[in-house]
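Give me a model of this one.
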Amino acid sequence: MNFFIVERYGKTPIFLPCHKDDTTMNSARLIWNRVILHTGLFKNIISDRDPKSTSALGKNLHKPLGTKLSFSTAYYSQTYGLAERMILTLENMIRRFCADGLEFKDSDGFTHDWCTLMPKFELAYKTAIHASTGKTPEKL
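Prediction:
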């Protein structure tokens, strides 16, 4: 399972490999360590209605940071379109990676979870020129 964050102005993604059974606190630590410490605090976060976000703990984690937590409306593409497009692009990247036979294997020949490759996919996405802006997310 993966957790995705997209900065909407520069379209900069952050791919966070995680486990589907992670607790809200583990998810909060992941966001803190991998995102906030590197990019700074957010003014507003739009989240889907995942139980980790809608729980009391999930909502209260944002209060001390001064972040407003909003929830996307189901089937309302203007709210969630950017993240959905980014996820489709990532899925295509993974399919292409697998189709080209570029599998990640250890010395014994075992294929590992593709989540270990997420930083490479993130870098590829960040350095690709986007058709809508004519620039890479890193340049915006």
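
Where in this protein is the helix or strand with the lowest mean pLDDT?
When each helix and strand of the chain is scored by mean pLDDT, DSSP states H and E, helix 56-60 comes last, with a mean of 66.

Ramachandran coordinates for the closest residue to I46 other than its chain neighbours?
Excluding the flanking residues, the one nearest I46 by C-beta to C-beta, 6 or more residues apart in numbering is S70, at 5.0 Å. Quick note: C-beta positions are derived from backbone N, CA and C, even for glycine. As for S70, its main-chain torsions (degrees, to the nearest 10) stand at phi -120, psi 160.

ok, S70 to C18 distance?
S70 is 22 Å from C18, where distance means C-beta to C-beta, to the nearest Å.

Mind checking which of those two has more residues around it?
Taking other C-beta atoms under 10 Å, S70 and C18 do not tie; C18 has more neighbours (16 against 10).

can I assume that one is in contact with R29?
No - using C-beta atoms under 8 Å, C18 is not in contact with R29; the gap is 10.3 Å.

contacting residues for the residue most central in space within the chain?
For the chain, F4 is the residue whose C-alpha lies nearest the centre (C-alpha atoms, centre = their mean; 1.5 Å). Residues in contact with F4 (C-beta atoms under 8 Å, 6 or more residues apart in numbering) are 13-16, 83, 86-87, 90.

List the ones among those that fall in strands.
13-16 (DSSP state E).
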